[in-house]
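Engineer: here is my input; please provide its structure:
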Amino acid sequence: MDQTTRDALLAMYDVPDPAHPGRVIPGYDKEHAERTTRIVLRVAEAVGLDGRRLADLEITTLLHDLGRTGMDPELFGAVFGLLMLCYFFLPFYRRMGVYTLSEYLGRRFDERSRLLYSITNMAFLLIQMVGTLILGALTLETLTAGSDFAISYEQSVWLLASVAAAYTIVGGLKAVIYTDF
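Structural biologist: Next comes the predicted model:
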């Protein structure tokens, strides 16, 4: 991939500063994307992928964390948020006898609020899962192309979805929570 294309892809991690028009917040995930790309390309070259597949893989890997763009690195996974959850919100929710935020919204406001939040949350999760399946399928297709185990894009999507579903069904939500951290 040429440097202009690479710079354009990495520039997508930078976001306009809403508090200061004309100013840009540099993307903190750029270095991570570049490190991951170097590692993935080394592995891909070692297994014998050709130039076109390497270029596709480089683009995919550079964009793999684009969904976190704009998040303040100090706030991402902040200890303060977890402490607030553990010492303030969680006891409050337990006293009320609620287990989810949508359940709380339904009690605090009305069922329409609960329904709106649930629909919005499901739409967000669907968008996130679609992106994950697309990038995962492209990666699998690229890595296996030209080998005895070549997997098409459609097969990759079904394989990834099936593995995720089986893992969740067999291990339950507990298994999903353990692997998310």
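
Engineer: just name the shakiest helix or strand of this protein by mean pLDDT.
Structural biologist: Lowest by mean pLDDT, DSSP states H and E among the helices and strands of the chain is helix 79-84, with a mean of 67.

Engineer: output the next helix or strand after that helix as CSV, restricted to C-alpha atoms.
Structural biologist: For helix 79-84, the succeeding helix or strand toward the C-terminus, using DSSP states H and E, is helix 90-96. This file holds the C-alpha atoms of helix 90-96, laid out as CSV (Å, rounded to 0.1, in the frame of the first residue of the first chain):
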residue,chain,number,x,y,z
LEU,A,90,-24.9,-1.1,41.8
PRO,A,91,-26.2,-0.8,45.4
PHE,A,92,-28.9,1.6,44.2
TYR,A,93,-30.0,-0.9,41.5
ARG,A,94,-30.0,-3.8,44.0
ARG,A,95,-32.1,-1.9,46.5
MET,A,96,-34.6,-1.2,43.7
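
Engineer: in helix 90-96, what counts as buried?
Structural biologist: Residues of helix 90-96 classed as buried: Tyr93 (neighbour count, 16 or more other CB atoms under 10 Å). C-betas here are computed from N, CA, C, even on glycine.

Engineer: now do it, average pLDDT.
Structural biologist: On average, the pLDDT along helix 90-96 is 83.

Engineer: show me what it is packed against.
Structural biologist: Counting contacts by 3 or more CB pairs under 8 Å, 6 or more residues apart in numbering; DSSP states H and E, helix 90-96 is packed against helix 101-108.

Engineer: which secondary structure elements does the helix it packs on sit against?
Structural biologist: Where contact means 3+ CB pairs under 8 Å, 6+ apart, helix 101-108 is packed against helix 90-96, helix 111-144.

Engineer: any chance of TSV for the ones you listed, columns distance to Val24?
Structural biologist: TSV is the format used below for these (distance: least, CB to CB, whole Å):
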stretch	distance to Val24
helix 90-96	37
helix 111-144	24
